[in-house]
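Engineer: only the shape, not the letters, is given here:
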């Protein structure tokens with residue numbers, strides 16, 4: 001996969017996430033520099049895409065209003081930790097003072113869902129349209145690093161960044 005210059009946005013997202021997940025303190029400066037340089041380039045392309053998508057597919061005022069009302073219900077019904085964060089159960093759901101409060105909260109959420117159905121459907125369509133752009137192609141020339149400079153990492157991460165690694169000496173990194 002060396003010297004690829006056409007990637008999907010989805011692949012760039014995968015590469016970006018993989019680079020950010022690398023936790024090696026033993027990485028040498030050449031590897032680190034190559035990853036930072038690639039990450040900066042990728043993040044610029046992704047930021048430009050996100051900005052474009054936000055302009056082409058803005059959230060509707062009705063959906064934003066729905067979000068505010070749901071947030072108000074959460075503040076009213078859901079328990080909070082001492083630090084102000086919502087208290088969650090083991091299965092990552094909101095915690096409530098009583099089962100009755102939970103039922104009341106869920107009922108009010110259902111009412112809002114029904115009231116804002118059109119806005120929720122519109123948001124689902126917006127997300128689907130934005131997700132479709134992950135398949136669009138973009139030019140990207142990876143800044144490659146020789147395999148000898150690559151620290152140990154999981155196979156999953158290595159597979160995601162393999163296009164940033166070369167087995168031969170290149171004129172980019174020597």
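Structural biologist: Looks like it arrived, so ask away. Everything quoted here is computed from the prediction, not taken from an experiment.

Engineer: CA atoms for contacts and neighbours, from now on please.
Structural biologist: Will do.

Engineer: mind checking the longest helix of this protein?
Structural biologist: helix 29-56 (DSSP state H).

Engineer: how near is the residue in the chain sticking out farthest from the centre to residue 106?
Structural biologist: Within the chain, residue 100 marks the point farthest from the mean C-alpha position, 35.3 Å out by Cα atoms, centre = their mean. For residue 100, the distance to residue 106 equals 10 Å [Cα to Cα, to the nearest Å].

Engineer: residue 93 too?
Structural biologist: 12 Å.

Engineer: okay, those two: which has more neighbours?
Structural biologist: When neighbours are counted by other Cα atoms under 10 Å, residue 93 and residue 106 differ, and residue 106 comes out ahead with 14 against 11.

Engineer: can you name the helix or strand that that one falls in?
Structural biologist: helix 99-115 (DSSP states H and E).

Engineer: swap in residue 138?
Structural biologist: Per DSSP H and E, residue 138 falls inside strand 137-139.

Engineer: please name the nearest non-neighbouring residue to residue 87.
Structural biologist: Nearest residue to residue 87, sequence neighbours excluded (Cα to Cα, 6 or more residues apart in numbering): residue 80, at 4.8 Å.
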